[in-house]
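A.B. asks: turn this into a model:
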Amino acid sequence: MITRIFLVIMLLAAQGTAAQDVARVVYLGIADDPHYEPRPVYTGLSLRDRTRPLDGARVAMRESRILGRVLGVEFALEEMLVAPGEAAEAARVAFAEGALGILLDLPADELAAIVVPQAAGLAINIRDRDDRWRGADCKPGLLHTVPSTAMLADALAQHLRARGWERILLLSGDHAADAGEADAVRRAAGKFGLTLAADRAFQLTNDPRRRDLSNIALLTGDARYDVIWLVDNDGEFGRYLPFATYLPRPVVGAEGLRPLAWHWTFERYGAPQLNQRFRRIADRDMTSEDWAAWAAVRALVEGVQRVGSADPARVAAFVRSDEMALDLYKGTAGSFRDWNGQLRQPLLLATHNAVIARAPIDGFEHRIDTLDTLGVDAPETACDQ
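C.D. replies: Down below sits the predicted model:
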């Protein structure tokens, strides 16, 4: 037994000395995170199960193996799950030990505590879409590969405008994330010249005195609109909305046509090959969250390749620079906005089994970069990093 252990140690040591450099990427999450617990409704159905996006990072790591051998760099992924309240300290230690980057899969309170030291690697948010992290609560050194709520709303608003569906009935729920998403819809409607024909809140209730807040016919009646935009992070109300509305109108947003970072049916720009590689490793379809983790690792690998070093500070400087051009497998190269750290990227508008359009939609232009028609632009930003 001692001999076998000694041989394993010697082999690992040999592998370590064969590489000139080690590029260490840390996935940081919370153990027993409620975000990943099943959320059954009263009948026992779990409508929106979530899976940690580690498989996306693993796929990107596998893709980097040949490049690593060419560069003389060993890319290593460390998966770290910590107790609640310990994420900030874990990140501090990881940066102090020379981590190239940290993938942050954290709830809002843990994300708020993260501090990125100067001359350190990068912290990349792969989970939280809330605009606050790209606005008033932005942080120096914090990047985002997951698209913001504003970007997702803008993508859908562009499509509605292009289709001529300009009068919107907005229905929003009382989930913690619904208020922010409804605000993003209102902002996108104003930005792209859409009209809010009605703006209504719904509640899941059996109280007959409040049936107007849960009755689909009542909620969708007494208004003239082209489309219903649903904001429903719980999903229990929304699954009954299509084909049950007072007027025969399409549903978009949380049901029907949805804005996404990624979809398993995307058939262009190398996406089928990426989806196949992901399925071989994970035995499931790639989600937007998986894609965000994949893109974060890809950005770090691209930085190492371009600067010819695994030095965290040099890689971080390149990744944040105008020279960054990351192949996102979505037809347009991505880079990080210097005013809020958000990854520029096309977004997909998809049903449950097909991609219908890719945003930015043709005809929507920007004075510098068309991708900046999605989300908060530099003149509008509240980020002062």
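
A.B. asks: what's near enough to touch residue 343?
C.D. replies: Contact analysis of residue 343 by CB atoms under 8 Å, 6 or more residues apart in numbering lists 143, 144, 145, 147, 295, 299, 326, 334, 335, 336, 337. Bear in mind the C-beta positions are built from the backbone N, C-alpha and C, glycine included.

A.B. asks: I should have written residue 271 there, sorry.
C.D. replies: By CB under 8 Å, 6+ apart, the contact set of residue 271 is 329, 330.

A.B. asks: phi, psi of it?
C.D. replies: Main-chain dihedrals, residue 271, degrees, to the nearest 10: phi -60, psi -40.

A.B. asks: residue 170 is in contact with residue 185, correct?
C.D. replies: Yes: the pair residue 185 and residue 170 passes the contact test of CB atoms under 8 Å, sitting 5.8 Å apart.

A.B. asks: and residue 50, backbone torsions?
C.D. replies: Per degrees, to the nearest 10, the backbone of residue 50 is at phi -120, psi 150.

A.B. asks: tell me how far residue 283 lies from residue 60.
C.D. replies: Separation of residue 283 from residue 60 (CB to CB, to the nearest Å): 17 Å.

A.B. asks: residue 24 sits in which helix or strand?
C.D. replies: Assessed by DSSP states H and E, residue 24 sits inside strand 21-30.

A.B. asks: partner strands of that strand, with direction?
C.D. replies: Pairing partners of strand 21-30, with direction, according to DSSP bridges: strand 73-82 (parallel), strand 101-105 (parallel).

A.B. asks: taking the ones you listed together, which one is wrapped up most tightly?
C.D. replies: Looking across the strands paired with strand 21-30 with neighbours counted as mean count of other CB atoms under 10 Å, the highest average goes to strand 101-105: a mean of 29.

A.B. asks: next secondary structure after that one?
C.D. replies: Downstream of strand 101-105, the first helix or strand assigned by DSSP H and E is helix 108-112.

A.B. asks: what comes into contact with that next one?
C.D. replies: Residues outside helix 108-112 that contact it (CB under 8 Å, 6+ apart) are 30, 84, 85, 87, 88, 104, 125, 128, 130, 133, 137.

A.B. asks: could you report the neighbour count for the nearest residue in space to the second one that is not next to it in sequence?
C.D. replies: Residue nearest to residue 84 in three dimensions, not counting chain neighbours: residue 30, with 5.8 Å by CB to CB, 6 or more residues apart in numbering. Burial of residue 30, expressed as a neighbour count using other CB atoms under 10 Å, amounts to 19.

A.B. asks: which residues are in contact with residue 30?
C.D. replies: 81, 82, 83, 84, 87, 106, 107, 110.

A.B. asks: coming back round to it: next helix or strand past the strand holding residue 24?
C.D. replies: Counting by DSSP H and E, the next helix or strand C-terminal to strand 21-30 is helix 54-63.

A.B. asks: buried sites along that following helix?
C.D. replies: 54, 55, 56, 57, 58, 59, 60, 61, 63 (16 or more other CB atoms under 10 Å).

A.B. asks: next up, the contacts around the residue positioned nearest the centre of the chain.
C.D. replies: By CA atoms, centre = their mean, the chain has its centre lying nearest to residue 146, at 2.3 Å. Taking CB under 8 Å, 6+ apart as the criterion, residue 146 is in contact with 125, 126, 127, 128, 129, 261, 288, 289, 292.

A.B. asks: residue 375: which of these is nearest?
C.D. replies: Minimum distance to residue 375 across the contacts of residue 146 is 10.7 Å, recorded for residue 129 (CB to CB).

A.B. asks: specify the local secondary structure of the closest one.
C.D. replies: Of the three states, residue 129 takes coil under DSSP: H, G, I helix; E, B strand; the rest coil.

A.B. asks: can you list the domains in this protein?
C.D. replies: 21-147+263-345, 150-260 (automatic domain parsing).

A.B. asks: JSON lines for those domains, including mean pLDDT and distance to residue 356?
C.D. replies: Listed next are those as JSON lines, based on pLDDT from 0 to 100; distance: least, CB to CB, whole Å:
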{"stretch": "domain 21-147+263-345", "mean pLDDT": "94", "distance to residue 356": "10"}
{"stretch": "domain 150-260", "mean pLDDT": "94", "distance to residue 356": "6"}
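
A.B. asks: residue 363: which of those domains is closest?
C.D. replies: Residue 363 lies closest to domain 150-260 among the domains of the chain, at 6.6 Å (CB to CB).
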